[in-house]
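**Student:** I'll drop the sequence and a predicted model, then ask my questions.
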Amino acid sequence: MNEQAVYLSDKLDAILAGAGSLLPELVLAGFFLLLVTLDLFKMPSIKRLLPWLALTGLFWVLVLQVLGGYTSGDEPFLDLLLSDGMARFGGILFSAAGIFTVLMSLQHPRLEKLQEGRGEFYALILILVLGLNLMAKSVNLLMVFLAIELVSIASYILTLTFKQEKRAVEAGLKYVLYGTLSAGVMLYGMSFFYGLTGTLNYASEDFALGLLQADTLLVTVAAVLVLAGFFFKISAAPFHFWAPDVYQGAPMPVVALFSTGPKMAGILVILRFVENFTDAEAFADVQLLLGIAALVTLAIGNFTALWQRTPRRLLAYSSVSHAGFLLTALLAFGTGYTSSVLFYLTVLLFMNFGIFLLLQVAEEKYGVQTLEDFSGLGRLLPYFGVMSVLYLLSLTGLPPLAGFMGKLLIFSNVWEAYTLSGNSMLLALLIIGILLTGVALFYYIKIPYYLFFKRNQSHENLVISPSDKLMLALFALPLLVFFFKPDLLLHWIEQLLAQTL
Amino acid sequence: MNDFILTSLIFTPLLAALVILLLPVRLHKPIKAVTLLAALVQMGLAILLYFRFDGGAAANGQMGYQFVQKLNWIGFSLGNLGRFQIDYFVGVDGVSISLVLLTGLVGVIGVISSWNITKNVKGYFLLYLLLLTSVMGCFLALDFFLFYLFFEFMLLPMYFLIGIWGGPKREYAAIKFFIYTLVGSLFILIVMIGLYTSVIDPAATAVQMGLLEQGQAASAEVLTQVQQMLQRNQISNYNLVHTFSIPAMMEPANFIPNSLLHVLSGSILWDMPLRFIAFLLLFAGFAIKVPSVPVHTWLPDAHVEAPTPISVLLAAILLKVGGYGLIRIVYPIFPDAGTYFSILVGGLGVLSIIYGAMNALAMKDLKKLIAYSSVSHMGFVLLGLATLTNEGVNGAIYMMFSHGIISAMLFLVVGVIYDRAHDRMIHNFRGLANAMPAYTAFVVVAFFASLGMPGFSGFISELLVLVGGFGAPEATGLLPRWLTIVAVFGLLLSAAYYLWALQRMFFGKFWIFPELRQNALITDLNAREYLMLVPLAVLALVFGIFPHLLLDKIGLTVNGYTEMVLLRGQEQLGLIISTLQK
């Protein structure tokens, strides 16, 4: 504990000194307040302005974090929030995700016509992104908890945007129930850690020392409990049950955001958390635990996706399987895997927004509800068809798309970790992870299969709007670029990471 | 010119594809014309390359790559794993020159054969061109990553070409093809990751260590120095430059000492050295593509459902990627396991020969018969390679070339009868020779060429493989003689199924099944069909009578190849075994 925090004046000084590092969060909070206030006015002109205002805020934060320089970034703020390069890169991804969500929402016909709650919708996106930023920066268990809850509560409400729909209500209810349960479990686990180490600051040396002295079994139990909460956010098994229902019930832009934002932030939190368990031999249990979770997540995600009949549920399970890949990546202790993970997260962002935008177009404009409804669309709309093939191949992880590069980097790290440690679980994960790509192809390919191989006469005069076309191309471009020149992104990530080391 | 000839070979079709992308959908004629032009240019370049390729340059037991182009493509550092380097690295040697020529020739035939496609013309020719680019890329890539990129990318156009333009069960066949080949390529991916984390590029590492200036050519001494330092663990991790280069992976001195695939690592998994497992994974991946029994079952389905030009391409070129991968990648990188498992490879080859032939004998559908004959003939490639004798490997390469020409002809011949009668069941036809004499003549040529009649290219390749097989017990001691004796029975069987089919369909009084008569219009060959069949028949004859045309180009490379693989194989096998015994 910091001595200086005892006196109020010192504390104030510390807050003022460190506040600069929280500039992005402050901007987000400011715009949130602005949006909520303006939402009180009933003038249509102001209402129309709200999404653009949210966009401005998010864009500001994006630019701020890309440029950097607002913080020295060495000292954690009040021992709670560390603004290092990883958090900054995460922040860039989150604000990009927020911007994409707002843009997608502007394309969503029913969201645009929403009578009540349209202002709140955009305000909540801001608050969710704020929560994600806090998650990525947290170095304190309690702060992690608060940030996760902030994200969760915003998520619950966003899920329920279309309150009059039955499936939205079902989704919201299930989300809340699972969410509160896992939050409770996580908090319980955190209390164990506090008891064992006497500190909540899990990046500190006290924490690591405390763990070393504590009973291994107890540490493992506590880690299981805490990880449960994290797994819930990244929809890893066995805490993934909410995902298919929420993906089925929430508006498409929100689903796209859920499949990227919280997952990315959750992975960063886990990444910071497991750093404590990398060195000591005594904590091989935690590695085993993560390994089993990764394996189960991969298996459940991929095999359950095989039986899905709606594209939303299919992508929900696909998102579960991606959580599995990310967990696999986190197992490659000792190989400097952070940049590979961040690379994969970036690719995931573009892939998921691309595919969910496609799905939004299909659902809102062509009335697609099940996989069969895709029949013949690819032939009628070659642009739509080609784009979906592109995104789905990237999700599968086939060249020449960035999804392949992401997996290649992750698996290289795992192989290297296996070489270093000789832990045969890693080899098993590597082989199973790669072979499951074959299974993944089997369900992803269903969509192009219907798009191109099946015929359907009922679709007539279908068009795809220029703005949709543009956005689809925009999400697709990085997937190609990051395959052919991944070094562009990796160099940048390396630079950001190096700044704070 | 010399620098860019390979790059133009690969990317001409891609360029044409971009042109087609911009053309409006309704312009069928220009789309076809652009495709034909691209294929012709590719063929021209391939022929030019064939004549310029110097068969004598690969002397001194070295593997000489010619027309090499090497450009830095991707380079990044990954924490304490060192630097990663992926190159655009293409080159041609005796192994690939024959297949490049084949691709050029069959590519044009395929376009002519596609001329009467009416359904979604733009999409078809776009995919066709993408396919040509990726196959050519596969044969020319010397960087494993580049190879894998083209290898995987081949699947996608093929999937759509079978699935959209195919026969009644096309969807099933397309998915089966896709899944089988993808699983194969995933096996390859596992080993690829293992290899490139284990292998360094000595020249680039020298640059990283400051021994060389950027862009300075590396002398042999520097390379040896780097390799020696590597083996003594004197290079820090940060300076290691990992590479996907296939030639670098072939050098055991380039493996990082404590990496799992190093010969001396002593790493075992499931009671087997890890190098052996890597070999088996790679072998499985390419065996699916060959295809070898028991992973051949996708082939008859894909062939039967694919439209004629795609069957031609599949049999003539795509199958060759499997054999080529074995020769180019699997054996040179894992010579130890290659010699250890030669009985497995040769055994599967012989099994394919016999089992494929027996199946062909039982088929009622002419196209399926030919598909199984492909399985049977590709078995010779495996057998020839497994002998690791000069004759055997030459025969394997010659077989790939010759089968490419002959199987293209066979599938075209089937397409001819299917176009006319909309059926190709053997028992629905009799006495076709009376109605279609010219057609029958070409069928006889194709069948006889395929069953190994002297004077046709098929004979040369089978002869070489069998000579290699019989000589193997003395020359390399890898294969028992009875295996080759069994393979000879495959020749008998292939004579049986071809002659029997010929007798049933073409001889006797003209008759076709009554229900087919309303739709059938039995006429002899038209000009377009002559245009495709005559050149192929001529090629089969020319390469049957003058085998030196090809053997002169590939012979020296193969000499160096077998020598290297055998020598290193036995040496490394000894090291692996002695390490394990410690």
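**Tutor:** Sure, I can see it.

**Student:** pLDDT weak spots in the stretch 251-400 of chain A?
**Tutor:** The stretch 251-400 of chain A contains residues with pLDDT under 70 at A:278-284, A:334-335.

**Student:** for chain B, what is the nearest residue in it?
**Tutor:** Nearest residue of the stretch 251-400 of chain A to chain B (Cβ to the nearest Cβ) works out as residue A:336 at 1.9 Å. C-beta here means a position set from N, CA and C on the backbone, and glycine is covered the same way.

**Student:** can you tell me the element that residue falls in?
**Tutor:** Under the criterion of DSSP states H and E, residue A:336 resides outside all helices and strands.

**Student:** for the record, mean pLDDT for stretch B:448-464?
**Tutor:** Computed over stretch B:448-464, the mean pLDDT rounds to 89.

**Student:** tell me the buried residues in that stretch?
**Tutor:** Neighbour-count burial for stretch B:448-464 flags B:448-453, B:456-464 (criterion: 16 or more other Cβ atoms under 10 Å in any protein chain shown).

**Student:** next: stretch B:110-130.
**Tutor:** If you call a residue buried by 16+ other Cβ under 10 Å, then stretch B:110-130 has these buried ones: B:110-114, B:117, B:120-130.

**Student:** ok, which of the residues you listed also contact chain A?
**Tutor:** Among the buried residues of stretch B:110-130, the residues lying close to chain A (Cβ under 8 Å from any Cβ of the partner chain) are B:120, B:123.

**Student:** end to end, how far does stretch B:539-553 reach?
**Tutor:** 17 Å (Cα to Cα, to the nearest Å).

**Student:** what are the buried residues along it?
**Tutor:** Buried, per 16+ other Cβ under 10 Å, within stretch B:539-553: B:539, B:540, B:541, B:543, B:544, B:547, B:550, B:551, B:553.

**Student:** now residue B:303, what's its secondary structure?
**Tutor:** Secondary structure assignment for residue B:303 (DSSP: H, G, I helix; E, B strand; the rest coil): helix.

**Student:** what helix or strand is the closest residue to it other than its chain neighbours on?
**Tutor:** Using Cβ to Cβ, 6 or more residues apart in numbering or on different chains and skipping residues adjacent in sequence, the residue nearest residue B:303 is residue B:371, 3.9 Å away. Using DSSP H and E, the element containing residue B:371 is helix B:366-387.

**Student:** right, and the helix or strand after that helix?
**Tutor:** Following helix B:366-387 toward the C-terminus (DSSP H and E): helix B:390-421.

**Student:** now what about stretch B:32-51, what contacts it?
**Tutor:** For stretch B:32-51, the surrounding residues in contact (Cβ atoms under 8 Å, 6 or more residues apart in numbering or on different chains) are B:5-6, B:8-9, B:12-13, B:15-16, B:19-20, B:23, B:67, B:92, B:97, B:100-101, B:103-105, B:107-108, B:110-112, B:114-115, B:121, B:125, B:128-129, B:132, B:136, B:553.

**Student:** in chain A, which residue is closest to the centre?
**Tutor:** Nearest to the geometric centre of chain A sits residue A:263, at 2.5 Å (Cα atoms, centre = their mean).

**Student:** am I right that it is in contact with residue A:236?
**Tutor:** No: counting by Cβ atoms under 8 Å, residue A:263 stays clear of residue A:236, with 9.2 Å between them.

**Student:** need the residues touching each of those two.
**Tutor:** Common contact partners of residue A:263 and residue A:236 (Cβ under 8 Å, 6+ apart): residue A:323.

**Student:** for chain B, what's the longest helix?
**Tutor:** helix B:548-581 (DSSP state H).

**Student:** tell me the residues of the stretch 51-200 of chain B that contact chain A?
**Tutor:** Residues of the stretch 51-200 of chain B lying close to chain A by Cβ under 8 Å from any Cβ are B:73-81, B:84, B:120, B:123, B:148-149, B:152-153, B:155-156, B:159-160, B:163-164, B:170-171, B:174-175, B:178-179, B:182-183, B:186, B:189-190, B:193-194, B:196-197.

**Student:** good, we can wrap up now.
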